[in-house]
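> Generate coordinates for the sequence data below:
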Amino acid sequence: MPVVPAAISWVLLFGYQWAFYLSYHGHQRTVFSYYSGIVGDGLLIPIVNVAGFMLLRQLSPVIPWRRAPIYVLLGLATATAAYLLQARLGLVNWSMPTAFSWSDVGQFHFFVLAAELSYCYLVLATAINNWEVLQQDSTARRAFAASWLCLALFAASLAADYL
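Okay, the predicted model is just below:
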């Protein structure tokens, strides 16, 4: 398993939240109050990123790099929609203490989420556009399956947080 992508992913998805937590003086629930924060950002999404890295490494000759700007726009649009939905539903926490008002950690998380989603779009597009190659490569196939399993578990952790 690639250690460097795992470490970078963990620091960018969960480690920065520790830094914000140590300086946080508000009264909202923090990342440590949510399954999706601890298990999701701390474990599942880094696994998704490592699996995506492995898939991209296996399929490196066919990565659609020329479409990267589209995936970045999709990532930004999806993150924007998620943040607006969070605000509309009134799901407040330390990243959004009141509806439509994001804290420093919330603003930083927006860009982390947009980058994460852009990366996931790149991995998904690479897998789908090269399905036959993916099916012939057992490492890429297992990485793709692991990504979907971890994303499903992350969705379940979000549901557990807010239901």
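> where does the spatially most central residue of the chain fall, phi/psi-wise?
The centre of the chain sits closest to E116, judged by Cα atoms, centre = their mean, with a distance of 4.3 Å. Its backbone dihedrals place E116 at phi -60, psi -50, with angles given as degrees, to the nearest 10.
> can you offset everything so residue one is 56?
Okay, using 56 as the starting number, the last item reads as E171.
> OK, contacts around it?
Contacts of E171 were listed using Cβ atoms under 8 Å, 6 or more residues apart in numbering, and they are 68, 100, 104, 130. Bear in mind the C-beta positions are built from the backbone N, C-alpha and C, glycine included.
> Just the buried residues out of those, in PyMOL syntax.
Those of those that meet the burial criterion (16 or more other Cβ atoms under 10 Å) are gathered into one PyMOL selection, given here:
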select buried, resi 68+100+104+130
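> Mind putting the contacts of E171 into CSV with secondary structure?
Converted to CSV, the contacts of E171 look like this (DSSP: H, G, I helix; E, B strand; the rest coil):
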residue, secondary structure
L68, helix
I100, helix
N104, helix
G130, helix
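> Noted, bye for now.
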